[in-house]
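K.L.:
Starting from these lines, generate the structure:
(one chain, ligands or ions: 1)
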Amino acid sequence: MSGAIAAGPAGGAAPGRDRPLTMSGITKSFGTVRALVDADLELAPGEVHGLVGGNGAGKTTLMNVLYGLYRADAGDIRVDGRTVHIRSPRDAIALGIGMVHQHLLQVSSYTVLENVVLGTTAGTGGLRGAARRITELSDRFGLAVDPRARTDRLSVGARQRVEILKVLYRGARVLVLDEPTTNLTPQEVDGLFVSLRGIVAEGTSVVFISHKAREVLAICDRISVMRDGRRIATVPRSSTDATGLASLMVGELAAERTSEVAAALGVGAVGQTPAAPPAEQRRPDAGRVRLAVSGVTADNDHGVPALRGLDLEVRAGEVLGVAGVAGNGQVELAEVLAGVRPVRAGSVSVDGTDLAGAPTHRWLSAGVAYVPEDRHRDGILGAATVADNLLLGAQRRAEHRRAGLIDWRRVRDHARETIDRYSIKAPGPDALAGNLSGGNIQRLVLARAFDREPAVLVLQNPTRGLDLRSTRFVYDRVHEARDRGCAVVLISEDLDELSLLADRMVVLYSGEVVGERARGDYDVYELGRLMAGVQEDA
Ligand SMILES: Nc1ncnc2c1ncn2[C@@H]1O[C@H](COP(=O)(O)OP(=O)(O)OP(=O)(O)O)[C@@H](O)[C@H]1O
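P.N.:
Purely as a prediction, here's the structure:
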């Protein structure tokens, strides 16, 4: 492994007054789960500090303690060398700590201005003064937004800029970003990084939580790695590389396997298309059409057309990638293909049978499996156990039954095996699914889908929030399903992932396919332009 590890107190830097933030000895348990065990973290002024680690390592819990969402069982937090007690986000904000969550918490019918000033006193200049200050901040840091625009009319990237402005407006000196590049086009990621550089140049420190090693390496000055509830290392960016970082992140894998993981995940230069997998020589066009979508029109939850006359075909042994920025019909497409959203017109055929309008059990028995986008809402029953969740939709399978009834002992044994096989970090089959970490909930949902050897597999952002090892694991399962002759539809906002897995890629914009590229013809910036709605001939 390359790279020096500064493993002294919170990263080797001497604790002192100039440290905007020092967390030490932070311990936090949830029942029997020890989420944080003597965890520490120290930020230097004006740095982008990466916070990485496997699923369930404790990153979110540590930041939730910092932001006052959780109270630690023990530990000390210092801001500018002074011990502080943070009991709520309000306390955190008053201390200059701001957090931008992955799920943006905004009032969508409000303007940018209203969202930014929400919860603050407008100050002497009133709203007009606030608007001036927002424009000044947005100019200074390249966070382009119109203060008068309604938030629900903005792209995801613009809404994220609003959220960062909100934090800066409150005078934050520590800005925590939780997986901030999810949903952004490559161009928007570049823009975000330029803004972050401007922000840290003025002395603010940024915590950048991410599973994407490539981005961590592109933007961070130092990187702290968490494992099993503690910080195990802090490395300066200048003394590590993709392999070194992957090795720290996955830990238990042997070094040669690590470089394979790093290579497979394309953690090379920014914007580079990752190397094609060895199966490149396969001829997916040789397979029969398993999934045929013809003239499909469907509405979103508000009755507004979200898919406008869509045609798609996916063959046995083919992975069709669907690229696009969130909100362009992806959720509706996934739900139509999984049989859980009605179509207004058109047909969806699996192995020659049109299933449009058919009840869910027919889709299930046709072999359609689905990994939804919002795993908390659509993927699991949070108040049910892990075993119950694994059983969902498979209650009729013989392996779960005896004498015509569900055999709970078998169900729990099967759940135990699955927990083991999919490395789901859970106390056992009886743990409540809703208490698992984000990545572990995702593993649970994936285990359920892959276990059924599907004919058609519909995946939406299947590795979002997963660590390197689990991501690699998912990619292997996708390859297996494909090699078994499954037709895979991979809907993803992660172009690296699509470039790596898809045999063919289409771009969805405003409910229509606006471009199609064959494997070997993927240029992420060109795809980014299509994703942003720039016409092919423009
Ligand atoms: N509210 C909660 N109740 C019970 N257990 C919890 C709760 N929040 C977190 N945990 C547990 O604490 C541990 C750390 O979870 P945390 O979400 O901090 O991990 P993470 O590093 O952010 O992981 P991921 O990358 O998967 O989001 C996990 O084992 C998780 O199941």
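K.L.:
neighbours around whatever residue of the stretch 251-400 of the chain ends up closest to the ligand, how many?
P.N.:
Nearest residue of the stretch 251-400 of the chain to the ligand: Gly382, at 10.7 Å (CB to the nearest ligand atom). In short, each C-beta sits where N, CA and C put it, glycine included. As a burial measure, Gly382 scores 14 neighbours (other CB atoms under 10 Å).
K.L.:
now it, what's its secondary structure?
P.N.:
With DSSP: H, G, I helix; E, B strand; the rest coil as the basis, Gly382 sits in coil.
K.L.:
what's the helix or strand for the nearest residue to Gly295 once chain neighbours are set aside?
P.N.:
Distance criterion CB to CB, 6 or more residues apart in numbering; nearest residue to Gly295, sequence neighbours excluded, is Gly346 at 3.9 Å. Per DSSP states H and E: Gly346 is located in strand 345-350.
K.L.:
Name the residues that touch that strand?
P.N.:
290-297, 309-310, 336-337, 339, 354-356, 363, 366-368, 455-456 (CB atoms under 8 Å, 6 or more residues apart in numbering).
K.L.:
worst-scoring helix or strand of the protein, pLDDT-wise?
P.N.:
Every helix and strand of the chain was ranked by mean pLDDT, DSSP states H and E. The lowest is helix 255-264, at a mean of 48.
K.L.:
moving C-terminal of that one, what's the next helix or strand?
P.N.:
Helix 255-264 is succeeded, C-terminally, by strand 289-299 (DSSP H and E).
K.L.:
partners of the next helix-or-strand element following that following strand, with directions?
P.N.:
Once the chain leaves strand 289-299, the next helix or strand it forms, by DSSP H and E, is strand 305-315. Next to strand 305-315 in the sheet, as set by DSSP bridges, lie strand 289-299 (antiparallel).
K.L.:
Now do the strands in the stretch 301-450 of the chain.
P.N.:
With strands called from DSSP state E, counting those that start in this stretch, the stretch 301-450 of the chain shows them at 305-315, 319-323, 345-350, 353-354, 368-371, 401-402, 405-406.
K.L.:
got JSON lines for those strands, with mean neighbour count too?
P.N.:
Converted to JSON lines, the strands of the stretch 301-450 of the chain look like this (neighbours: other CB atoms under 10 Å):
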{"stretch": "strand 305-315", "mean neighbour count": "19"}
{"stretch": "strand 319-323", "mean neighbour count": "26"}
{"stretch": "strand 345-350", "mean neighbour count": "18"}
{"stretch": "strand 353-354", "mean neighbour count": "12"}
{"stretch": "strand 368-371", "mean neighbour count": "25"}
{"stretch": "strand 401-402", "mean neighbour count": "13"}
{"stretch": "strand 405-406", "mean neighbour count": "11"}
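K.L.:
So which of those is nearest Asp228?
P.N.:
strand 368-371 (26.9 Å; CB to CB).
K.L.:
State the number of residues packed around the residue of the stretch 301-450 of the chain found nearest the ligand.
P.N.:
Closest to the ligand within the stretch 301-450 of the chain is Gly439: 2.8 Å, counting by CB to the nearest ligand atom. As a burial measure, Gly439 scores 23 neighbours (other CB under 10 Å).
K.L.:
swap in the one 4 residues further on?
P.N.:
With neighbours defined by other CB under 10 Å, the count for Arg443 comes to 26.
K.L.:
Tell me who's in contact with it.
P.N.:
For Arg443, the contact set (CB under 8 Å, 6+ apart) comprises Asn55, Tyr422, Ser423, Ile424, Leu466, Ser470.
K.L.:
Give me the buried subset of those residues.
P.N.:
Neighbour counting with 16 or more other CB atoms under 10 Å marks Asn55, Tyr422, Ile424, Leu466, Ser470 as buried within these.
K.L.:
Which members of these additionally contact the ligand?
P.N.:
When contact is defined as CB under 6 Å from any ligand atom, the buried ones among the contacts of Arg443 meet the ligand at Asn55.
K.L.:
Can you report how many residues lie near Arg78?
P.N.:
Close neighbours of Arg78, defined as other CB under 10 Å, add up to 18.
K.L.:
Name the helix or strand for it, please.
P.N.:
Assigned by DSSP H and E, Arg78 falls within strand 74-79.
K.L.:
Sheet-wise, list the partners of that strand with their directions.
P.N.:
Here, using DSSP bridges, strand 74-79 pairs with strand 21-30 (antiparallel), strand 82-84 (antiparallel).
K.L.:
So which bits of that strand are buried?
P.N.:
For strand 74-79, the neighbour count (16+ other CB under 10 Å) marks Gly75, Ile77, Arg78, Val79 as buried.
K.L.:
Which two among those residues are spaced furthest apart?
P.N.:
Gly75 and Val79 (13.9 Å).
K.L.:
Give me the pLDDT for the residue nearest the centre of the chain.
P.N.:
Centroid-nearest residue in the chain, with CA atoms, centre = their mean: Arg464, separated by 3.1 Å. Reading off the confidence values, Arg464 has pLDDT 80.
K.L.:
wouldn't it be in contact with Gln442 here?
P.N.:
Yes: using CB atoms under 8 Å as the test, Arg464 is close enough to Gln442 to be in contact (7.3 Å).
K.L.:
Around the ligand, which positions in this structure sit nearby?
P.N.:
30, 33, 35, 53, 55-61, 425, 435-439, 465.
K.L.:
now with 5 Å?
P.N.:
Residues of the chain lying close to the ligand by CB under 5 Å from any ligand atom are 30, 33, 35, 55-61, 435-439.
K.L.:
Which PyMOL command selects the buried ones in those?
P.N.:
Buried residues among these (16+ other CB under 10 Å), as a PyMOL selection:
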select buried, resi 33+35+55+56+57+58+59+60+61+435+436+437+438+439
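K.L.:
ok, the residues of the chain next to the ligand vs Leu391, which is closest?
P.N.:
For the residues of the chain next to the ligand, the residue nearest Leu391 by CB to CB is Leu436; the value is 16.3 Å.
K.L.:
which residues does the closest one contact?
P.N.:
By CB under 8 Å, 6+ apart, the contact list for Leu436 reads Gly56, Val386, Ile424, Lys425, Ala426, Leu444.
K.L.:
Counting only helices, which of those residues make the cut?
P.N.:
Using DSSP state H, the members of the contacts of Leu436 that fall in helices are Val386, Leu444.
K.L.:
Bridged to the residue nearest to Leu312 when sequence neighbours are not counted, which residues?
P.N.:
Distances taken as CB to CB, 6+ apart place Val293 nearest to Leu312, at 4.2 Å, with adjacent residues excluded. Beta-bridge partners recorded for Val293 (DSSP bridges): Leu312, Val348.
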